[in-house]
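*Asks:* Please find the sequence and the predicted model below.
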Amino acid sequence: MPPYTIVYFPVRGRCEAMHMLLADQDQSWKEEVETMETWPALKPSCLYGQLPKFQDGDLTLYQSNAILRHLGRSLGLYGKDQQEAALLDVVNDGVEDLRCKYATLIYTNYEAGKEGYVKALPEHLKPFETLLSQNQGGQAFIVGNQISFADYNLLDLLLNHQVLAPGCLDSFPLLSAYVARLSARPKLKAFLASPEHVKRPINGNGKQ
């Protein structure tokens, strides 16, 4: 049996970063897909009444960022020391801020809000370009010299934004190269080309 089980809806949503992480780290996992028909029966048993739900042996976790951090600690993807770990938390919290803005647009204000969102996007992407520039001239990872859980989370968010606003990274050469470099990692490249990823919609309402 695979050591990990992911319980989620049939979308990329808040699970694709952990899918990327597990695939790139050559980990196996079991997928349990909930639909709108099956979800109401499961919901009362879920902490916070939401998914994803993640099982690592006897350990059951909720909250996507807590799951990513757990995998980061378990698989050596949380920096080389406490200083790098703290910086990775800064990055990941920044990713979460932008992901929440993105989700609000997608689910509550897509038609009316997309133009303004895309116009404001550079100011939200700039901090990540700055962080890259401060680490080995932007030629490595977001923090340090090894990949981290925050890299997968940031990559997922950037890929989603390239669908929403093609060319959004054109004025950010370090971010643009970062996305290309990470996406070319052999196991990650294979996952991104797989039917499991390609056929899974980004969001639950068809908007992207």
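*Replies:* Everything's here; your move.

*Asks:* Quick check: which element contains the residue lying farthest from the centre of the chain?
*Replies:* Most distant residue from the mean C-alpha position of the chain: Ala41, 27.2 Å away (CA atoms, centre = their mean). Element membership for Ala41, per DSSP states H and E: helix 39-42.

*Asks:* next one: Thr60
*Replies:* Thr60 belongs to strand 59-62 when assigned by DSSP H and E.

*Asks:* tell me how far the helix holding Ala41 is from the chain's mean position?
*Replies:* With CA atoms, centre = their mean, to the nearest Å as the basis, helix 39-42 stands 25 Å off its chain's centre.

*Asks:* re the thing from before, give me the sheet partners of the strand holding Thr60 and which way each runs.
*Replies:* Using DSSP bridges, the strands paired with strand 59-62 are strand 53-56 (antiparallel).

*Asks:* looking only at pLDDT, what's the mean for the partner strand?
*Replies:* Per-residue pLDDT over strand 53-56 has a mean of 97.

*Asks:* How about stretch 83-98?
*Replies:* Regarding stretch 83-98, the rounded mean pLDDT is 98.

*Asks:* residues in contact with the helix holding Ala41?
*Replies:* Val7, Phe9, Glu34, Leu51 (CB atoms under 8 Å, 6 or more residues apart in numbering). For glycine as for every other residue, the C-beta is placed from the backbone atoms N, C-alpha and C.

*Asks:* likewise stretch 157-170?
*Replies:* So stretch 157-170 is contacted by 12, 17, 95, 98-99, 102, 114, 118, 121-122, 125, 128, 175-176, 178-179, 183, 202, 208 (CB under 8 Å, 6+ apart).

*Asks:* do that again at 6 Å, thanks
*Replies:* Under the contact criterion CB atoms under 6 Å, 6 or more residues apart in numbering, stretch 157-170 has outside partners Val95, Arg99, Val118, Leu121, Leu175, Ser176, Val179, Ile202, Gln208.

*Asks:* quick check: domain ranges of this structure?
*Replies:* Domain assignment for the chain, taken from the TED database, gives 4-77+192-199, 82-185.

*Asks:* State the number of residues packed around the residue lying closest to Phe9 once chain neighbours are set aside.
*Replies:* Of all residues not flanking Phe9 in the chain, Glu34 sits nearest, at 5.7 Å (CB to CB, 6 or more residues apart in numbering). Residues within reach of Glu34, counting by other CB atoms under 10 Å, total 19.
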